[in-house]
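Trainee: Just to be clear, the model below is a prediction. Sequence and coordinates:
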Number of protein chains: 2
Amino acid sequence: MKTPTAAILVVGNEVLSAKVRDENGPHAARVLRQRGVQLTAILTLPDRLDAIEEAVARERPRVDWLFTSGGVGPTHDDVTLLAIARALGRPLARHPVLVDSIRAWHGRLGSEPPEAALRMADVPEGTRLVGDPLHPVMVVENVVMLPGPPQFFRAQFDTFASALDAPPFHLACVYLSIGEPRFAQALDEVSRRYPEVEIGSYPRFDEADHRVRVTFECKDACLVQAALRSFLAALPEGAVVRCEGVSPG
Amino acid sequence: MKTPTAAILVVGNEVLSAKVRDENGPHAARVLRQRGVQLTAILTLPDRLDAIEEAVARERPRVDWLFTSGGVGPTHDDVTLLAIARALGRPLARHPVLVDSIRAWHGRLGSEPPEAALRMADVPEGTRLVGDPLHPVMVVENVVMLPGPPQFFRAQFDTFASALDAPPFHLACVYLSIGEPRFAQALDEVSRRYPEVEIGSYPRFDEADHRVRVTFECKDACLVQAALRSFLAALPEGAVVRCEGVSPG
């Protein structure tokens, strides 16, 4: 089974101008990893039609799922849905089910929704509503359009992601007392011998008990084990502080 | 004076696989904002030559400064410098000053640097070293190549950014007790009347004392003030919870 892939577009001037810190990208990264989905990019872009349209057109064909966060409200700076519609070559169309739920919501407040509220039902033509009918996830082709406020993003993202189960990644780690230059060549050889295994090397420069953590990851636990063993065999004596065997990562 | 612009490329499988949370993007966003620089994108990408090369080639011509974080060490997964070299159509060249400092560093440990360590001196041809000679910032054309570990990233980033002073942004905020649909049209009109002012609308859905915060930002404090006044005049009575006047933002 091919590993499913995803990318996330975080639309938000407020993140770029450091007014808030993005919570949605890290949340999505965590959940996708648990689900066995490979995240290939987190792109934080301004609330600008051209920037979003371009990124959607470029990234969408490369991944199984493109998630967007933010820009789906009723104000002038909410341009994500229009940008996606343009990137897909689809018009915006008012979705009757979304209109009904906006009307129902305003009805509870005893008022008719203003036109600005109804504009939130203008979505790329062909948008389907997935999951909980009261808080449906909007999906068009392989683009999943999620709201920016973290509590709504999480609820909808988790709903959608629960259907994405793929085999898990397996992870092994080695903690080393020697610096990267002393094992770089050995690691390079292991990485060439096991191209399916994703190998990372993360030095630290503080008072930790190790200088570098090396990670081995792959969906095939046997390959992770083999790459790990091959690396351990190439290390000088005393280099290993500790080793964490293969586990779901 | 034109507002200087910047983008940041965070290179890191470890961020995409949720092993660590990126600290460098948010730090850079904060500092650039304080310096009056407009950040136009934070792009988190994997340690993949093709992905980094493509992003550098695309983003670099659009901004005054493109910062990269990570991928400058001696292991097989450190491919940022080669990717930048390719994007700029420059070969890698071993930089004599960097070689000297790698030799000096290993000399203090009483050893000759291994070839893997010297490879860290292989930088895009034409790279200049800026700031503190012991921890120089590597710059080629308008690409600033910074290390991934946050303490080094911050030290070098702050050094470089200290030379970027531009006039500050000015910010005003209004906190509202009414929902977005009730003022969206008024805000839309203000945004069309004051295109130079960046206007954001941020709803919340918790127990806060307000339902929406609206922000007005621009380098011209008078325009911020004018846009704010124009919006306040269009609001229904009782809508304003409080208002924060123009201040450096």
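Mentor: Great, that's in hand. Here the structure is a predicted model, which means the values were calculated and not measured.

Trainee: what about the helices in chain A?
Mentor: When assigned using DSSP state H, the helices of chain A occupy the ranges A:13-16, A:24-34, A:49-59, A:80-88, A:96-108, A:115-118, A:150-161, A:184-193, A:221-234.

Trainee: Now tell me what touches the first one from outside.
Mentor: Pointing back at helix A:13-16 there. Applying C-beta atoms under 8 Å, 6 or more residues apart in numbering or on different chains, the external contacts of helix A:13-16 come out as A:20-22, A:44-47, A:77, B:29, B:39-42, B:198, B:200, B:202, B:215. To be clear about C-beta, it is placed using only N, CA and C from the backbone, and glycine gets the same treatment.

Trainee: what comes up buried for it?
Mentor: Buried residues in helix A:13-16, counted by 16 or more other C-beta atoms under 10 Å in any protein chain shown: A:N13, A:E14, A:V15, A:L16.

Trainee: Tell me who's in contact with the residue nearest to A:L81 when sequence neighbours are not counted.
Mentor: Closest residue to A:L81 in three dimensions, ignoring its sequence neighbours and counting by C-beta to C-beta, 6 or more residues apart in numbering or on different chains: A:V123, at 5.5 Å. Shown in contact with A:V123 (C-beta under 8 Å, 6+ apart): A:L81, A:A85, A:L92, A:A93, A:H95, A:L98, A:M138, A:V140, A:M145.

Trainee: mind running it again at 6 Å?
Mentor: Each residue near A:V123 by C-beta atoms under 6 Å, 6 or more residues apart in numbering or on different chains is listed here: A:L81, A:H95, A:M138.

Trainee: now, among those, which is nearest to chain B?
Mentor: Ranked by distance to chain B (C-beta to the nearest C-beta), the contacts of A:V123 are led by A:L81 at 14.5 Å.

Trainee: burial count for the closest one?
Mentor: Neighbour count of A:L81, defined by other C-beta atoms under 10 Å in any protein chain shown: 24.

Trainee: on that earlier part again, what would the helices of chain A look like in JSON lines with mean pLDDT?
Mentor: Shown next, in JSON lines, are these (pLDDT from 0 to 100):
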{"stretch": "helix A:13-16", "mean pLDDT": "96"}
{"stretch": "helix A:24-34", "mean pLDDT": "97"}
{"stretch": "helix A:49-59", "mean pLDDT": "98"}
{"stretch": "helix A:80-88", "mean pLDDT": "98"}
{"stretch": "helix A:96-108", "mean pLDDT": "90"}
{"stretch": "helix A:115-118", "mean pLDDT": "91"}
{"stretch": "helix A:150-161", "mean pLDDT": "95"}
{"stretch": "helix A:184-193", "mean pLDDT": "96"}
{"stretch": "helix A:221-234", "mean pLDDT": "96"}
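
Trainee: Is it possible to get JSON lines of these that adds distance to B:L129?
Mentor: Putting those into JSON lines (distance: least, C-beta to C-beta, whole Å) gives the following:
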{"stretch": "helix A:13-16", "distance to B:L129": "29"}
{"stretch": "helix A:24-34", "distance to B:L129": "33"}
{"stretch": "helix A:49-59", "distance to B:L129": "33"}
{"stretch": "helix A:80-88", "distance to B:L129": "40"}
{"stretch": "helix A:96-108", "distance to B:L129": "56"}
{"stretch": "helix A:115-118", "distance to B:L129": "54"}
{"stretch": "helix A:150-161", "distance to B:L129": "41"}
{"stretch": "helix A:184-193", "distance to B:L129": "23"}
{"stretch": "helix A:221-234", "distance to B:L129": "34"}
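
Trainee: Any chance of a PyMOL selection covering the buried ones in the contacts of helix A:13-16?
Mentor: Burial among these is assessed by 16+ other C-beta under 10 Å; the matching PyMOL selection reads:
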select buried, (chain A and resi 22+44+45+46+47+77) or (chain B and resi 29+39+40+41+42+198+200+202+215)
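
Trainee: can you tell me which of the contacts of helix A:13-16 are in strands?
Mentor: Taking DSSP state E, the ones among the contacts of helix A:13-16 that sit in strands are A:T44, A:L45, B:L39, B:T40, B:A41, B:I42, B:E198, B:G200, B:Y202, B:T215.

Trainee: Now flag whichever of those is closest to A:L187.
Mentor: B:I42 (29.0 Å; C-beta to C-beta).

Trainee: residues from chain A in reach of chain B?
Mentor: Contacts of chain A with chain B, taken as C-beta under 6 Å from any C-beta of the partner chain, map to A:13-14, A:16-18, A:21, A:26, A:29-30, A:33, A:39, A:41-45, A:73-77, A:114, A:116-117, A:180-181, A:184-185, A:187-188, A:191, A:200-201.

Trainee: got the contact list for the nearest residue to A:G245 once chain neighbours are set aside?
Mentor: Nearest in space to A:G245, with sequence neighbours left out and distances taken as C-beta to C-beta, 6+ apart, is A:A172 at 5.8 Å. By C-beta under 6 Å, 6+ apart, the contact set of A:A172 is A:F216, A:V224, A:L228, A:G245, A:V246.

Trainee: Filter these down to just the buried residues.
Mentor: Buried by 16+ other C-beta under 10 Å: A:F216, A:V224, A:L228, A:V246, out of these.

Trainee: Any chance of CSV for these, columns distance to A:S69?
Mentor: Below are the buried ones among the contacts of A:A172 laid out as CSV (distance: C-beta to C-beta, whole Å):
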residue, distance to A:S69
A:F216, 31
A:V224, 32
A:L228, 36
A:V246, 33
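
Trainee: Let me know the closest of those to B:A55.
Mentor: When the buried ones among the contacts of A:A172 are ranked by distance to B:A55 (C-beta to C-beta), A:F216 comes first, at 26.3 Å.

Trainee: distance between stretch A:64-79 and the chain's centre?
Mentor: A distance of 15 Å separates the C-alpha centroid of stretch A:64-79 from that of its chain, computed with C-alpha atoms, centre = their mean, to the nearest Å.

Trainee: end-to-end on that stretch?
Mentor: Stretch A:64-79 has an end-to-end distance of 23 Å (criterion: C-alpha to C-alpha, to the nearest Å).

Trainee: Stretch A:141-152 now?
Mentor: OK, stretch A:141-152 end separation, C-alpha to C-alpha: 22 Å.

Trainee: With stretch A:100-115 instead?
Mentor: Where stretch A:100-115 begins and where it ends lie 13 Å apart, using C-alpha to C-alpha.

Trainee: who touches it?
Mentor: Contacts of stretch A:100-115 (C-beta under 6 Å, 6+ apart): A:A117, A:A121, B:P181.

Trainee: So the second one versus B:V63, what's the distance?
Mentor: It refers to A:A121. In this structure, A:A121 and B:V63 are 36 Å apart, going by C-beta to C-beta, to the nearest Å.

Trainee: do the last one as well
Mentor: In this structure, B:P181 and B:V63 are separated by 35 Å, where distance is defined by C-beta to C-beta.

Trainee: One more: the first one?
Mentor: From A:A117 across to B:V63, the span is 37 Å (C-beta to C-beta).
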